[in-house]
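Q: sequence plus the predicted model coming up.
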Amino acid sequence: MGGHPDGPGVNVAEYVVVDAAGGGIGGAARWRSELEAFLEWGAPGVKVIGRGTRLTPSWLLRREWLAGRARLTVAANNVSFACRGRERRVLLRNALHFLHPSEDHVLRRMPRTFHAQIPLVRRLLSRADLVVVPCTTMAERVSVTVPSAAKRIVVHAHPTTPAGARAASPRPFILVPVVPAPYKNLGAELAALVAALDNVGSPMEVHVTARPGDLPGALARHPRLTMLGVVPYHRLATMWRHATAAFYPSSLEAFGYPLAEARVYGLPVLAPDSAQAREIAGGALVAYEAGLLDSLEEALQQASRPIEAEPHAFERGPYFRWLLGLPADLQLPTAQESHGIPS
């Protein structure tokens, strides 16, 4: 992480500090991959701290010192800086911190350490000048739960850059890119998908980013399922390029990166019908009604329709220029230019 950012050649009135601590897998890791790719092209005056660091109370204290006299601090992990930064921005990326009363039962499955995060996340929102959320549904959650933050909320979808054009696999498969968690009920959702595939007579396999122990034994051994375990982003990007369709049954998400990935790659994504799924997945969404097997079967039959790829839908350049307060005319490659994707 380096030492204090007030080093030789640094204009202490102009530098930006980004805290990237916490969240080593899932959407947090995916977001960081976009940040790192952006920084590779050159972003003057931006210092990232917290790489590979757990988000603990001791870290929250230490980062205040590390931020020095930054003009802008960006907390990319739900917990706003308390004091440092002439301007403070916080990125909210966990819907479980802002559940509606009717959803509180979900927290019963979460560890005590998670419960302890919630009041801290909400309390420190008062210290943020700007509260950045990735979709309209998340903005509504935060506004209802913490009304005092409502006027400081800005919606900016997470950047999502494809790693190349799609290249269909000779063996068609559905990609299920879900990080298992107690609240996601992945076993029941996968059982429904397998049953629906059987009922419509589809030959497709199902590739799941989970370990066998994350599912009931009989389901994990199902001949359709390939258990991938935890998949690093670069390997998952290859799977997105080769998949036939995606299945994303999770609905309690701040964003839902797989919805965006499907859109930029031009891949049909089966997901429960919701305003959030429609906003993020756009024309790639093949919606079904959660809990109804016949609705899922109908969606499977519609998933063969062609989907137009939108590699520019969530460009990283404009996103990070804005988030980090960089000049609007800072020239960076587009998704098409940096990955050789036809426009």
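A: That came through, no problem. These figures come from a predicted structure and were not determined experimentally.
Q: show me what contacts L96?
A: Applying CB atoms under 8 Å, 6 or more residues apart in numbering to L96 gives the contacts V106, L107, M110, F114, Y183, L252. (C-beta placed from N, C-alpha, C; glycine too.)
Q: what does A70 give?
A: P5, Y15, V16, V17, K47, R84, G85, R86.
Q: quick check, the third one in contact with L72.
A: Put plainly, it is V16. Yes - the pair V16 / L72 is scored as a contact, 4.6 Å apart, by CB atoms under 8 Å.
Q: between these two, which contacts overlap?
A: Joint contacts of V16 and L72 (CB under 8 Å, 6+ apart) are L324, G325.
Q: what's around D198, how many residues?
A: Residues lying near D198 (other CB atoms under 10 Å) number 11.
Q: need the residues that contact the helix or strand that contains V264.
A: If you go by DSSP states H and E, V264 is part of helix 257-265. Applying CB under 8 Å, 6+ apart, the external contacts of helix 257-265 come out as 26-27, 30, 157-158, 160-162, 166, 177-178, 240-241, 246, 248, 267-269, 271, 276-277, 280-285, 307, 309-311, 313-314, 335.
Q: in strands only, show me these.
A: Residues of the contacts of helix 257-265 located in strands (DSSP state E): A246, V269, A271, L285.
Q: in the chain, where is pLDDT below threshold?
A: Filtered on pLDDT under 70, the chain yields the residue ranges 1-13, 331-343.
Q: would you map out the domains in it?
A: Split into domains by automatic domain parsing, the chain comes to 16-160+314-337, 173-302.
Q: could you pull out the helices in the chain for me?
A: Residue ranges of the helices in the chain, as given by DSSP state H, are 26-40, 57-66, 112-124, 136-145, 186-200, 217-220, 233-242, 257-265, 275-281, 293-302, 316-323, 335-339.
Q: could these be laid out in CSV, adding distance to T226?
A: Formatted as CSV, these follow (distance: least, CB to CB, whole Å):
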stretch, distance to T226
helix 26-40, 20
helix 57-66, 37
helix 112-124, 30
helix 136-145, 31
helix 186-200, 12
helix 217-220, 10
helix 233-242, 10
helix 257-265, 17
helix 275-281, 24
helix 293-302, 18
helix 316-323, 30
helix 335-339, 27
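Q: just those: most buried one?
A: helix 257-265 (a mean of 27; mean count of other CB atoms under 10 Å).
Q: now do it: distance to the chain's middle.
A: 10 Å (CA atoms, centre = their mean, to the nearest Å).
Q: so that helix versus helix 26-40, what angle?
A: Here helix 257-265 runs at an angle of 50 degrees relative to helix 26-40 (axes from the mean of the first three to the mean of the last three CA atoms, to 10 degrees).
Q: angle of helix 257-265 against helix 233-242?
A: 60 degrees.
Q: alpha carbons of helix 257-265, as CSV, please.
A: Output of helix 257-265 as CSV, limited to C-alpha atoms (Å, rounded to 0.1, in the frame of the first residue of the first chain):
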residue,chain,number,x,y,z
TYR,A,257,-23.0,-7.8,-12.3
PRO,A,258,-24.1,-10.9,-14.3
LEU,A,259,-27.0,-8.9,-15.7
ALA,A,260,-24.6,-6.3,-17.0
GLU,A,261,-22.2,-8.9,-18.3
ALA,A,262,-24.9,-10.5,-20.3
ARG,A,263,-25.8,-7.2,-21.8
VAL,A,264,-22.3,-6.3,-22.9
TYR,A,265,-21.6,-9.7,-24.4
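Q: for V155, which non-adjacent residue is closest in space?
A: The shortest distance from V155 to any non-neighbouring residue, by CB to CB, 6 or more residues apart in numbering, is to A139 (5.2 Å).
Q: which residues are in contact with that neighbour?
A: By CB under 8 Å, 6+ apart, the residues touching A139 are V133, I153, V155.
Q: beta partners for the last one?
A: According to DSSP bridges, the partner residues bridging V155 are V133.
Q: touching, it and T137? I think so.
A: No - contact criterion CB under 8 Å: V155 and T137 do not qualify, at 9.6 Å.
Q: in stretch 164-176, what counts as buried?
A: Across stretch 164-176, burial judged by 16 or more other CB atoms under 10 Å covers R166, F173, I174, L175, V176.
Q: quote the end-to-end distance of stretch 217-237.
A: 28 Å (CA to CA, to the nearest Å).
Q: and the contacts of that stretch?
A: 25, 29-30, 33, 162-164, 173, 177, 179, 187, 190-191, 194, 197, 204-215, 239.
Q: switch the cut-off to 7 Å
A: For stretch 217-237, the external contacting residues (CB atoms under 7 Å, 6 or more residues apart in numbering) are 25, 29-30, 33, 163, 177, 187, 190-191, 194, 197, 205-212.
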